[in-house]
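Asks: Sequence first, predicted coordinates after that:
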Amino acid sequence: MTDPTTRAAPAGVLELLRQFKGDPAAADRYAAACLEKTKAVEPKLRAFEYLPADVSRRPGPLSGIPVAIKDIIATSDMPTTNGSPIYKDHVPAKDAWVVERLRSLGATIFGKTVSTEFAWRHPGPTVNPWNHAHTPGGSSSGSAAAVGAGLVPLALGTQTLGSVIRPAAFNGVVGLKPSFGAIPRTGVHPLSPSLDHVGFFARRVDDVAHALSLLAASSDLDLHGRPLPGFQVDIAEGVPPLEKPRLAIVRFDKWSKADPEQQKLFDAAIAKWRDAGAIAEELELAELDSTNWNAINTILASEAALIFSDLIARYPDRTSDHLKTAVQTGKVHAAWNYLAAKAQQEKLRSRLAADIAGFDAVVTLPAFGEAPKGLSYTGDAEYCAPWTLLGAPAVSLPAGFGKNGLPLGVQLVGAYRQDFHLLRVAKWAETALRFDPGVPAI
């Protein structure tokens, strides 16, 4: 278990860029300090599969910013294990699109973070930085823990069910899952191409917004790409907050399963937002609530079966029971069931804007409570799954602590492809919450 005392939160991406602009040598000192600190805590945290040998600065708008990369995202100069012993020593021939783009922006590629096996349920060794007896969540385990521990200001993750939003909440950081198709996934190992998203972990809304503004694009090699309306983030001012937003409170029928502390924190956050001028009203999304879990799991298992069947047949002793079960489940789904789930996905996605018309964002839970104890189970994704199925943008904000001293969060969701509007709401909500968890003393 970690020391219960905390330290002030380190600088975020925008703050660092402002510092580096007047003192470029500060960027070199910062990167070296990040690497030194990471090496010191890695024996306990185990967030990284591989650390960089070179953290020297490159020119560009992200010059001097260390970015940790989830280990299902290809890097041409570092191993990409996909969380699997099958790929233990695999070094891809090319960078993933998003890594190549980060390099061109001047970012420092700061190693590879632990992922569950192929971003599915079989966990790696990473622990929660707030309490080492608890999971950091998954599948983006190492990325969330690395930012939560203050080792890096920005990290890449992916989400197919809840693998950005949930671990962000568990580790006390901001998580952003952009709209589906916003960032090309070329070079990212697929789990379910109809659901896979690239997302971010950082300390503040401004930081994930700036990352998305620079990385949102389309690629001919990613057939699911759907470009976002372009936007920019001012380095000095950050995202302009959307004052006094109208919020739809969505609890779903599963609300009763949430921990009492999570429920109280959620209601306290809404009370703070109302006091700050927001209008917040309860909203039921009955069809989404009742159908999303079956639809998303049918799509995921069916597509995973196609992707991993041959791999499991070749390496039965090096693939987990979790992956085998997903493939077996996918194989028994009739084509009709898969096509019906895809049709339901498109129906609900196209209806979302009308369902939340008059609201600037949905506010809901990112998880049922604190990170579960133990490392074998990375947590329940039921509160993330509806928005992943729809491809709607989602942000997790840290909002407090639970009874075990672990972080708790809230989730904000926007209309499909309205990412910047959601980020403006999230910036306002973050400011009104006035909560900064700091970082744990490891």
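Replies: Noted; the coordinates are in hand.
Asks: got a pLDDT number for P4?
Replies: You'll see P4 listed with a pLDDT of 46.
Asks: From E36, how far out is R29?
Replies: Distance, R29 to E36, by C-beta to C-beta, to the nearest Å: 10 Å. Every residue, glycine included, has its C-beta placed from N, CA and C.
Asks: residue ranges with poor pLDDT in the chain?
Replies: Scanning the chain for pLDDT under 70 picks out the ranges 1-5.
Asks: My understanding was that L390 contacts A353; is that so?
Replies: No: if you go by C-beta atoms under 8 Å, L390 and A353 don't touch, sitting 10.3 Å apart.
Asks: what's near enough to touch V127?
Replies: Applying C-beta atoms under 8 Å, 6 or more residues apart in numbering to V127 gives the contacts K44, L45, R46, A133, H134, T135, P136, A145, L375.
Asks: Go again with 10 Å.
Replies: Contacts of V127 were listed using C-beta atoms under 10 Å, 6 or more residues apart in numbering, and they are 1-2, 44-47, 133-136, 141, 145, 371, 375, 442.
Asks: Please pick the buried ones from the residues you listed.
Replies: For these, a burial check counting by 16 or more other C-beta atoms under 10 Å picks out T2, L45, R46, A47, H134, T135, P136, S141, A145, A371, L375, I442.
Asks: Tell me the spacing between the second one and K373.
Replies: Using C-beta to C-beta, one obtains 17 Å as the distance from L45 to K373.
Asks: thought L51 was touching L35?
Replies: Yes: contact criterion C-beta atoms under 10 Å: L51 and L35 qualify, at 6.8 Å.
Asks: quick one: common contacting residues for the two?
Replies: Common contact partners of L51 and L35 (C-beta under 10 Å, 6+ apart): F110, G111.
Asks: neighbour count winner among the two?
Replies: Neighbours were counted for L51 and for L35 using other C-beta atoms under 10 Å; L35 has more, 21 against 16.
Asks: Not counting its neighbours along the chain, what's nearest that one?
Replies: Counting by C-beta to C-beta, 6 or more residues apart in numbering, L35 lies nearest to V55, which is 5.5 Å off, once chain neighbours are set aside.
Asks: Give me the residue at the spatial middle of the protein.
Replies: V164 (2.1 Å; C-alpha atoms, centre = their mean).
Asks: in the sheet, who's paired with the closest residue to that residue other than its chain neighbours?
Replies: The shortest distance from V164 to any non-neighbouring residue, by C-beta to C-beta, 6+ apart, is to G199 (3.9 Å). Beta-bridge partners for G199, by DSSP bridges, are G157.
Asks: gap between G199 and L390?
Replies: According to C-beta to C-beta, G199 and L390 sit 15 Å apart.
Asks: Surely S302 and A340 touch.
Replies: No: assessed by C-beta under 10 Å, S302 is found out of contact with A340, at 11.1 Å.
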